[in-house]
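Chemist: sequence first, predicted coordinates after that:
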Amino acid sequence: MKKLFLIALCAAAFSACQSKSAESNTTSTDSTTLTETPVIAEADAPKVQVEKAIYEFGTITQGEKVTYTFKFKNVGKTPLIITNATATCGCTVPEYPKEPVKPGADGEIKVTFDSTGKLGLQDKVVTITSNANPKFEELHLVGDVKEKK
C-alpha cells in the first residue's frame, strides 16, 4: 500500500511540474526577450580565425610552467564578446580579453600550464565561451612531463 501511495504521489508531482513548465514557456516569452542577448544572424555573427589552436610544448620537467599566447582574429561583421575561458583542470589558467574584439581586430588568449604534480603526456584543453558563430574552437596545450630527478 505504501508503494502504491508513493507512486501516485510521484506521478502527481511529475505531472504538476510538466504543466507548470508548459505555462511558463508560453507566458515568459515576452519578459525574457528584453533581458536576453539579442540573436545575431549567422551572416553577421562574429567569426573567429585562430592562428594556431594546438601548441606543442615538447618535453618539460615536472614543476616547470609553460606559457603560450594563442592569437586570433575576429573575421566576422560584429564585435566578438568572450564571456568565459575554462580549462580542464586548475593547473591551466587562461587569460582572455574582457573587452569586445571589434570586427577585423586581433586578440590574444594567454594560457599558463603548471606541471607541478603532473607526469606523462598532457593535453590541457581550454574551452572558450563567446558569441562567435560557429563557436570558438578549443585550444590545446600538449606535451610530455618528465619526473624531476
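Modeler: It's in.

Chemist: and Phe72, how far is that from Asn133?
Modeler: Distance from Phe72 to Asn133, counting by CB to CB, to the nearest Å: 15 Å. Every residue, glycine included, has its C-beta placed from N, CA and C.

Chemist: neighbour-wise, which of those two wins?
Modeler: Counting neighbours by other CB atoms under 10 Å for Phe72 and for Asn133 shows that Phe72 has the greater number, 25 against 18.

Chemist: touching, that one and Ala105? I think so.
Modeler: No - counting by CB atoms under 8 Å, Phe72 sits too far from Ala105 to count as a contact (9.8 Å).

Chemist: where in this protein is pLDDT low?
Modeler: Across the chain, the ranges flagged by pLDDT under 70 are 1-41.

Chemist: can you give me the helices for it?
Modeler: Assigned helices in the chain, in chain order: 2-27, 29-35 (criterion: DSSP state H).

Chemist: could you chop the chain up by domain?
Modeler: Split into domains by automatic domain parsing, the chain comes to 2-35, 48-146.

Chemist: ranking these by mean neighbour count, which comes first?
Modeler: domain 48-146 (a mean of 16; mean count of other CB atoms under 10 Å).

Chemist: how far off centre is that one?
Modeler: 11 Å (CA atoms, centre = their mean, to the nearest Å).

Chemist: span of that domain from start to end?
Modeler: 35 Å (CA to CA, to the nearest Å).

Chemist: can you check stretch 79-95 too?
Modeler: 19 Å.

Chemist: hmm, who's touching that stretch?
Modeler: Residues outside stretch 79-95 that contact it (CB atoms under 8 Å, 6 or more residues apart in numbering) are 46, 48, 74, 96-98, 100-103, 107, 109-118, 124-132, 136, 139, 141.

Chemist: so which of these are in strands?
Modeler: Among the contacts of stretch 79-95, the ones falling in strands (DSSP state E) are 48, 74, 107, 109-114, 124-130, 139, 141.
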